[in-house]
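# Model the structure of this input:
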Amino acid sequence: MDQRNLNALAISFQHGDTRSLRVLVESLTRTLIAMAYRYTDDWEWARDLTQETWIKVHKQIPRWDSTRSFSAWLHTIHRNGCLDHLRRGWVKHESTPGDEVVTHLRGSTPDGPEEDLERKEFRERLMVAAGELSETQRQVFLRVDLEQGDQKAVAEAMGIKFGTLRATLHFARRRVATALQKMETST
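Below is the predicted model of the structure:
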């Protein structure tokens, strides 16, 4: 479903049409579950987090700015819920989003506690480096590189042109690489 249709449904829901919410849920839930699975590596948690996202959307829909992308707003709420889930100390995580990318960037496959610790530390440095990006760059970097989202789908979800996403991703990667290099030389 394209961005214009999603926004039209969200506007209808904002004005009290609960059938519009049902269509939104049916259209977007699979994508949200897949996204949450990348964070949790657990289908049950992914479904629970997606359900929590829809509850938040239901409560917060009056605050959504209808001149902005509903999909981007929804994905931000969902990603923040997933990240909050990861921060909970009582949740045991087998893997976190971006582990495959981090492993690929480091050039090794972790097979012991030392490698796991190194991967975790590198991922923490990567997230600190991503924190130095502008909001748009951070969104693009997280969605494409860490969540391994399809670039065209991410561009559509964020309501930006594909070429703009590619340029933003390029500059985000350069800034992250520079920040990581600075961290390496300062230790």
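
# Identify each buried residue in stretch 162-181, please.
165, 168-169, 172-173, 175-176, 179-180 (16 or more other CB atoms under 10 Å). C-beta here means a position set from N, CA and C on the backbone, and glycine is covered the same way.

# do the same with stretch 121-140
122-123, 125-127, 129-130, 133, 137-140.

# What's the end-to-end length of that stretch?
Terminal residues of stretch 121-140 are spaced 22 Å apart (CA to CA, to the nearest Å).

# coming back round to it: most widely separated two among the buried residues of stretch 162-181?
Longest distance between any two of the buried residues of stretch 162-181 is 21.8 Å, between L165 and L180; criterion CB to CB.

# Where do the domain boundaries of the protein fall?
With domains defined by automatic domain parsing, the chain comprises 1-93, 98-187.

# Give the rounded mean pLDDT of the biggest helix by length in the chain.
Ranked by residue count under DSSP state H, the longest helix found in the chain is helix 162-186. For helix 162-186, mean pLDDT is 87.

# Who are the packing partners of it?
helix 113-130, helix 135-141, helix 151-158 (3 or more CB pairs under 8 Å, 6 or more residues apart in numbering; DSSP states H and E).

# Which one, of these, ends up nearest to H15?
helix 151-158 (23.1 Å).

# Could you pull out the buried residues of the closest one?
Neighbour counts using 16+ other CB under 10 Å place 154-158 of helix 151-158 among the buried residues.

# dump the residue contacts of the residue lying closest to A179 once chain neighbours are set aside.
Using CB to CB, 6 or more residues apart in numbering and skipping the chain neighbours, the partner closest in space to A179 is A129 (3.7 Å). For A129, the contact set (CB atoms under 8 Å, 6 or more residues apart in numbering) comprises 175-176, 179-180, 183.

# Just put the helices and strands packed on helix 162-186 in a markdown table and tack on distance to A8 and mean pLDDT.
Formatted as a markdown table, the helices and strands packed on helix 162-186 follow (distance: least, CB to CB, whole Å; pLDDT from 0 to 100):
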| stretch | distance to A8 | mean pLDDT |
| --- | --- | --- |
| helix 113-130 | 33 | 77 |
| helix 135-141 | 23 | 89 |
| helix 151-158 | 15 | 86 |
